[in-house]
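Q: how would this look folded up:
(2 chains)
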Amino acid sequence: MIKMNKSSLRRAASVLCGFLLLMPAAFAQNTITVRGKVIDPDKQPVIGAAVMQAGTQNGAATDLDGNFTLTCPAGADLEVSSIGYETVTVKATANMTITLAEAASELDESVVVGYGTQKKASLTSAIANIRDEELMATKSPDVTSSLQGKVPGLLIHQVSGGAGDFDTDLNIRGFSGEPIVVVDGVVRTAQRRGRGFNYGSYSNSASTVLSQLNPEDIESISVLKDASASIYGMGAGNGVILVTTKKGAVTKPSVRYSNTLSFGVPTAIPDEVDLATYMQFRNEMLANSRAADGYFTDEQIAHAKAGDPGYEGTNWHEVVMKKFSFQQNHTLSVSGGNQQTQYYLSTRFNQDQGILNGDGLGYKAFNFQGNLTTKITDNLTATYQSSFDFNHRMGISTTNSEMNFWYYVGYSQPDITPTVIGDPSHYSTANGEHWNPAAILDTDAMGYSSTKMNSYNNSLDLKYEAPFLKGLTLDAFASFNVNQRQTNLLDKTVSIYEYDTGAFVENKGNNFYSETWNKNQQLYGKLQANYSGRFGDHSVTGMLAVEARMNWSSNIGASRYYGSTASFFTHDTISQGATDQKDNNGTRSSTAQAGYIARATYDYKGKYMVELSGRLDGSYLYAPGYRWGFFPAYSLGWRASEEPFFKSAFPWMNNFKLRFSDGQTSIAQGSAYAWQLGYVSSGNNYAFDAGVPIVGYYNSAAAETIVSWQHVRMTDIGFDFEIKRGLFGGSVDWFWRNISGIAANSIYANSVPDFYGISLPQYNLNKSQNVGIDLQLSHRHHIGQLNYRITATATFTRNRQTHIAAAETSTYGSHEAYYKSFMEGRWSNALSGTYYNWANGGEQFTSWADINDYNVYTGGQPSDLLPGMYKIEDRDGNGVINSSDQYYSFGATADAFGFGSMGNNPPLQFGLMIFLNWKNFDMSATLSGAALDHKFISLSGPYGYGYFYKMYETYVDRYHLADGYTDPFDPQAQWVSGYWPALTTTTGGYTTWGNGTYRNVQPYNWINASYVRLKSLELGYTLPRSLTGKIGINNARIYVSGTNLLTFCNKLLKPYDPERNFGWIGGGGGAPLIKTFSFGVNINF
Amino acid sequence: MKKIFTYIAALVLSFSLVSCDAIFDSLEGDLSKMAESDLTANEAGLLRLLSYAYYNLPMGAFGNLDKYTMDATDTHGANYGINQTAFWSYSNIRAVNKLFGQIEQGYQNGAITEEVRDNMLGEAHFIRAYYYYAMVRNLGGVPIVEEPLDDAYDGGEDISGLLFPRKTEKETWDYVIAEFDKAAELLPASFGAGSYRANKYAAYALEGRAALYAASVSKYWAKAPISSEYDAVKEKLTYMEASYADDYYKKCMDACAKVIDSNAYALYGANPSSVADAKKNLQDLFVKRQDIEFIFGKSYELGEGTSTNGFDYGNSPHQVHATGGTGWTWARYSVTLNLVDEFDDYDENMGRVDGTVKTRNDGVEDNYVINLGLNNQSGFSADTDFIKYDDPAEPFANKDARFQAHVIYPGCTFRGATINIQGGIIKPDGNYTFYNDDSAELNGTTYYTFGGATEIEYSGFHLMDNSNAGNWYNSGFGIAKFLDPASASLYSTNPWPDIRYAEVLLNYAEAAAESGQNADNGKKYLNDVRHRAAFKDDVELTVENVLHERRVELAFEDDLIYTLRRRREYVFGATDGINNRKRALVPVVDLRGDAPKYIFVRANVYHGDVYVAANGNYISDYRSYYGSITNYVKNDITANPIQQ
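A: Residues are numbered from 1 along each chain as shown, chains lettered A, B, ... in the order given. Below you'll find the predicted structure:
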C-alpha cells in the first residue's frame, strides 16, 4: 500500500499562502571569488558551460579555455551544466577544477517499441518518439492536436473546434485510415462522433483514445511508422502509436499540481458590413439579378443608418458566440515509491465551456489514473494499472439542427432580430428555413443532445525474472476495459414568429426524445517471454508472445414522441412520452483476434544490427481456414560512426546510422461473416394482413466470400545522424507502402449474365501505393546562459492506385473520359479533374459590351455573366468553353458541398519546435503548417454573398455601377472595377443557378490552402527554489501560453481559417477553430 | 544451452495450450444474418422469404402510369414519354426459384403442414408468373429460368451454365398462363378475410388479365407490324399472330369465369339507389379495402405511422391539404379534359348520353386554344359564343357517378370545401388575364383570376411555370380516386388494388366481344359494371363499349397504358401525335354582364414556360411496342428490334 506523506499534503494546502508570503530573503554570508576551470573526462576544456549558484540567478559561463569567474558565498552549491554532459553540483571554493562526465546521450534513451523497449542507438526502424515535455509545450485538452507539427510522419489536421468534439484527423505518412493506438500495452478504441450527415452517430476510433487521454499522464509516445508496426499484425498497416503513461519512481512522495486556465476566441470569423451597407448591397444584388421585388426602401436604409429601433442589425455570429470561451484544466498527481513499491496516481478535471452562447453547453471530463508496481518476491513484480475516464458533452439538439447549425448562422439575415421586437420571449424567423440559431442554442426551447462516456481500463502485469537464466523474463498480462456511452436527445418544438409584426409563423422541431446506451467490453490477455543476453561483442534479444483479444459490444435505444402539438414537457425520460409513437432497437456483436509473436535481434559491437520479427495473427473477420496470416518483418542497421575509419574521418559526427526495414502487415477489410451464406433483412415489409408487416429476408450471394485482408508491405530506408553530441542531429526516411489484395469486383463481374441473379463476391484484386519522405532536423546549443533547442519536421506523402482489376474490362467513351476517370497509376492528390484556368492571368469582363463582344462560347447565355467575372482560358482554342479546357490540380479538402474528400489531410505538412531557457525563464514555440492543398469557396455557400443574406467586408472590393447608373443591363453603364464580380443573388448570373461553367471555377473559388501557423507559444518562469523551498515546494513554475495565435495563409482564406473544413453543408464545416490564451502553474511538492 | 531449449520448449507448449481458433468459433457471429436452415425451420421464417418475393411484385402501385397516357398529366410539368423501364430482375426470379426448394425443405423439417406447403408453393408459382408476365408484356419473349443457378457457375471464366436463349413470345405467354394455372390449383380459395396474400381467385384473375394481353397482342400484332428482317421477329421473340388469338380469349374467359362463377366476389354496391349512393360507394371502394371486390393488391398499413403510400400528401388539392398551406409536393395529378369528356352523362331515365362538356352555344367542342400562356395568348377570343354558366360546377352536374367520385372538378365539394379551379378573368371592360394573378370588381365584390385571393384559397392554374412549386392543377381537374373525401392525411394507408372484380368482368367482356363467344355473359358483365355506377340502361356488347367502360371504370389504375399497348392503339406518326394533345378545360369568370358568369375555355395543357402544350403520346416507330433488352450482349441473347 501507499503511504501518503501527510506533511507534503499539508504543504500543498498552504501553497497559495506561501506565494503571497514570498519575500526576498537576504542573509549575510562570506563571499568569495571563485576562479575555476571546467573540463571533460579527456581533460579538454568545456566551453560555454553554465556555472550557477544553486537557487539563485547568480552565475557565469566558461570561456574558450573552460575558465570562469564567479562571486558567491563560500561553500555555496554551484551547479555546473553543459549540453552533452551530466550536471554536477559542487561546493564553491576559491580555485577549483570541475570535471564533467559525458551525459547519457539521447542515443542511450530507451524507446518504447512494440512489445518491449529498445535503446535509441540500436533502433533499426522508423520509430519516432516524443516525450512529455515536447507534448506539453502545446496546451490543448486534445492530445492529438498537441502533437501537431512535432512528429515527422504524423499528419494532423484539425477539422473543427467544437467543445469536446476532438474533431482532429490523424494519420501516419498519409496512410488512409487510422493507426492502431496502444496505451500501456493494450490496443484501445473510443467512440467518436460522426461528421456532417453522420453527426448523431458514433463509431470506434483509435485517435479518439489519444484525444481523450490526460496529457499530463503521458510519459512518452512512440510512433511506429514502418515495418516495425508489423509486430501488431492485422490492422497495423496504417502504423501504430504507442502511449506510455507515467510510473512511479524510487523517490520520496512527490505531489504535483498543474493547471491551465484558457480563454478562447475563434481563429477567424469574417467581418460583416453594417446593416445600412448591407441593405444597399442587397439592393445592388437584386438589381444585378433583375429581381422584381425584395428591395429595401430608402426609408428603411435611412432608419438603418440612424440605428433606429428595429434597425440595429443583427450580427448572427456575435449572437451565437460568447465573447470568449473558457476552459480549465487541473491535474493533481502523486508519485513516488521505495525499492518495494512505486506508484503514480493522478486525477484531472477538464472543462471546456465552448464558444456557443447557450446555457450548459460544453464539455467536462474527469480522468483518474493509478499505476502501481510492487515486488511480490525478489523475482516477481506486479504492475497494476487502472484508469477511469468520464466525460460529458452537452450540445444542441441534433435532430435537424446540429449538422446545419453553422449553415443556419450563415443563412440568417442581418436585418432580422433574433427575437420579436418588443417580445424577447418569442423567437423570430431568422432565415428562410425558420431555424433560428438563437432558439437552437436555447436548450430549454429546442432541447439538447447529451453524451456521457465512461471508460474503465484495468490491467495487471506479472513479470517474473527467471533466477535460473539471467536475462530471461516471463510476463503474464491481462486487461479488461469497459466503455459505455449514453446519448440522450431531446428535440423540442419552438414557435417561430415574424420579427417585426410578432405574427405566428410556424412551429419548428419534433417533440421527440430518445436515449441510446452503448457498451463495449474488451478482454485482453498475453503471455510473453523476453530474453536478452550479451556474449562478448554479441548482443542478442529474443521475444516470444501469445495474445488474444475479445470484444463484446451492445446497443440499445428507445425513443418516443411527445405528440405533435404538445408544448408541455414532463421530465425527459422515455416513459413520459406518448406510447403510440415509440420505437426501440438493439444490436449485439462480438469480435476476437489472436496472435503468436516472435522477435529476435542481434547486435555486434553496437555497429551491425539485425532484427527479425514475425507474427502469426488470426482474426474473426475471415472464414475458417482463412483466418490466420503470417506477417514477417526484418530490419538492418549499420552505425557507421562506430567504425574506426569513420571516427577518424568525421570525428565531430558522433552518430551516423543507416537503417533499412521491410515487412508485411495488413489492413482489415470486408464485413465480418461475409463468408457465411445467410439471409438478411431487406428492410422492406410486405403486409400479409393489414397492419401486420413481415420483413422480407433475402440473400444475394451464392458462394462464400473469401476475401481476406489487404496485404501491406512497408519499406523504409533512412539514416540518423548527430553532430557534436546534439549540436545538430536529425533523421531522414524514404518510405514505400505497397498494398495488394484490396477487395474489388472480379474481372468477370461485367460478363456474367443477369440470369445468375447474384452479385459476384469481391476478391483480393486491387493494389495501391503510398510513397513519401519524412525528416527531422534538430539543433541544440546555448548562447551564454541561454539554452535552446530547435527541431524541424516535415513529411511529404503521395498515394495512388497501382492496379485496378475492373479497369481491364472497363471502356471509356472518349480519350477525355478515360483521362478523367482512369485512376490507375495516377497520384491521387494530383488528380481532381475539373478545374479551368482563367484567361490572361485573370482578365475580367469589364462591361456589358465586353461580355457581348466576347467571341468564346461560354456554355450559356451572355446574360448569365456579369462584369467582374473572370474569363476562362479557352485552352484548346476552339472557341467553346467545355470540359476539354480543364486542368488538373491538387485536391481540395472540401468540395462545394462539404462532402466528398472533406477532411483530407494535406499531403505536405511541417512543423518547427523551439525550446529556450534562460536562467529561470523558459519559452517554447511550435509552428505547424501544410501545403499542396486547396480549399474551395463557394460564393453560394454561407460565406458567399447574396444568396445567403450576408455581406462580408471581404466582398466590398467588387465590380459595381458608377454613380448615376441604375440599370446594370444598360450597355452604356459605367462599371467601377474590383476584385470580386458584380454582386448577384446567386453567383455567376441572374438566372436561377447562373452559368454552371463559370460559376465555380473563378480564381476566388479555388484557393491554395498552404499555411503556417504559430500553433503554440509558451513563456514560463520558475520561481527560485530559494523562495519556494521555504514553503516546501521543490519547483514552482508559472506560465502564460497561447495556441493558434498567428496564421499565415492566402488572404482569401484568412477570414475562414485555412486548416478548418468549410463547405456548404455544415455551414462552413462546423465550429470554428479556437485561438486560446492561457495561464497556469505547475507546482511540485 | 540445453537448459534454454528446455525452457523454450516448455514455453511453446504452454502457448499451444491456448487454442486460439476456438475463440473465433465461440463468438456469436453475425446476429443480423439468418442461415437458410433457420428460415426453413418454421413458418415465420418462410413467411419472411415469401414477404421479400411479394414485396418485389411489379404491381406499379400508385405509380401514376396514367400520366403516360392522354388521360392525366403531371401538374408541375414533368414530361412523360411512352416507354417505361421494363421489369428485368432475374435476381428476384432467383429468389422465387429458391423459394420452391425452401418451402419443400420447410415441409421436410416439419415446420409446415402439407396444406401450408401447397399454399405457399401456389404463392411461389403466382409470384413467378407475375414476374414473367411483367417481362413479356414489355419485352416479348424472354429466357425462362426456373431453377436457381447458384451451382451453375464457379466464379471463373466459364459462364456456359448461365446462358439461356429467349423463348418465343408465345412460349413465354403460355408459360405465364400455365404458371398462374398451377398457382390457382395449389392456392386456397381464401387466406382469410382481409389477407393480402394471393389466393386461388387472384391467380385466376391475373391469368385472365395475362391471357387477354396475349390474345390482344395476337390479334393486333399485325396492326403495328415489325419487319421480319429483325432477328427478334424472325425468331418469333417479338412476334404474335392472329391465329393464336381465339385460344387466348378463351383462356381469358375460362379464367375469369372461375372467379365469377365462384361467387366469392361481387361488385361493391352493385345496385345503388341513386347517383349519390353510387358516388359514395365508388369513393369508399378506394379509400379502404372492400373485401367483396378487392381480389389482390398491396397494403400500406405497415404498423408504423410513416410507412405509407403518400398518395394523399402528393395529390390532395391545395385547399384541403393535410399540411394546410406549407409543404412541397401536392396536387401533382391533373386529370385531362380528354378523359373528362369520355365520362357519360345520365339522361332522364338514367340511361347513357354523350358526356362531352358543353362550353359553347354553337356546339363546337373540338376547337382548342393553342395557348393561354402567361405572357402570350394565341387563339383565344373573348367574343366566342361561350355558354355562360351561373355556377362553375354546372357543366358537370349530370356526369357519371364515377366522374363525381374520382375526379376533382371546378366547383365540386371536397372535404367540406368548394374547390376553386379557375384560370382566367374577363373584366367588366373586356380585358382579360389568364394564369396570372389579377382581380376586378363587380357589384362591390372582388373577383380573382384563380377564384380566390391567396394561394390557399384555390387549387388550379397557379405557378404553372415553376417546376418546383407547381402545386395547382394545370388541366382544370385533379384526381380524387384514392383520396379520402372526408379528411386529408399526411400518411395515407389505403391499399393499392392491383386487380378487382370489376376488371375481371371487363376482361371477360372484352374477350367475349373480341372473340364473339359467350356474348350474353359478356354483355351482362359489361352492364353490371355500368349499373353499379347508377346507369339503368343496358348497352350492347361491342369492343368500343367495353373499351369506353374500361377507360372510365379503371381510370388511374394503370390499366389504360397496357390497353393501348396490347391493342396497338398508340397514335402513330409524329404529326398525328402533335395534334393529339392533352387538353385542359379552363374555367374563366366573366364579369362583362350584370352578374358574374362562368365560361369554360378548351385549351391545350400549358406546361411550364414552354409555349407548346404537352403532346399526346404517340409512337413514330412500331418497334417501340417492345422495350430494350437489358445487357443483351453480356446475356448473349437476341436484341429487340428497337435495339438493332
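
Q: Which parts of the stretch 301-450 of chain B are strands?
A: Assigned by DSSP state E, counting those that start in this stretch, the stretch 301-450 of chain B shows strands spanning B:333-335, B:345-346, B:352-353, B:371-372, B:377-378, B:407-408, B:413-414, B:417-418, B:424-426, B:432-434, B:439-442, B:445-448.

Q: Buried deepest among those strands, which one?
A: Mean neighbours per residue, mean count of other CB atoms under 10 Å in any protein chain shown, is largest over those for strand B:333-335, with a mean of 27. The C-beta positions use only the backbone N, C-alpha and C, and glycine is treated the same way.

Q: Which residues does that one contact?
A: B:64, B:67, B:71-75, B:314-315, B:407-408, B:473-479, B:555-556, B:605 (CB atoms under 8 Å, 6 or more residues apart in numbering or on different chains).

Q: Near chain A, list only the ones from those residues.
A: The subset of the contacts of strand B:333-335 within reach of chain A, by CB under 8 Å from any CB of the partner chain, is empty.

Q: Where helices are concerned, which of those count?
A: Mapping these onto helices (DSSP state H) picks out B:314, B:315.

Q: weakest of the strands of the stretch 301-450 of chain B in terms of mean pLDDT?
A: Sorting the strands of the stretch 301-450 of chain B by mean pLDDT places strand B:377-378 lowest, at a mean of 65.

Q: Output the below-cut-off pLDDT ranges for the stretch 151-300 of chain A.
A: The stretch 151-300 of chain A contains residues with pLDDT under 70 at A:196-197, A:292.

Q: Nearest to chain B: which residue in it?
A: residue A:233 (12.1 Å; CB to the nearest CB).

Q: The nearest residue in space to that residue that is not next to it in sequence: neighbour count?
A: Closest residue in space to residue A:233, ignoring its immediate chain neighbours: residue A:617 at 3.2 Å, by CB to CB, 6 or more residues apart in numbering or on different chains. Using other CB atoms under 10 Å in any protein chain shown, residue A:617 has 27 other residues around it.

Q: cool, and residue A:293?
A: The number of residues packed near residue A:293 is 5, by other CB under 10 Å.

Q: And for residue A:953?
A: Around residue A:953 there are 12 residues (other CB under 10 Å).

Q: do the same with residue A:1058
A: So residue A:1058, with other CB under 10 Å, has 28 neighbours.

Q: where does residue B:260 land on pLDDT?
A: Listed pLDDT for residue B:260 reads 97.

Q: Ok, residue A:141 next?
A: For residue A:141, the pLDDT comes out at 78.

Q: For it, list the residues it contacts.
A: Residue A:141 makes contact with A:215, A:327, A:329, A:350, A:352, A:365, according to CB under 8 Å, 6+ apart.

Q: mind checking the SS state of the fourth one?
A: Read it as residue A:350. Classification of residue A:350 using DSSP: H, G, I helix; E, B strand; the rest coil returns strand.

Q: just to revisit the earlier point, hey, what's the residue nearest to residue A:233 bridged with?
A: Beta-bridge pairing for residue A:617 (DSSP bridges): residue A:595, residue A:629.

Q: near chain A, which residues of the stretch 451-600 of chain B?
A: With CB under 8 Å from any CB as the criterion, the stretch 451-600 of chain B meets chain A at residues residue B:495.
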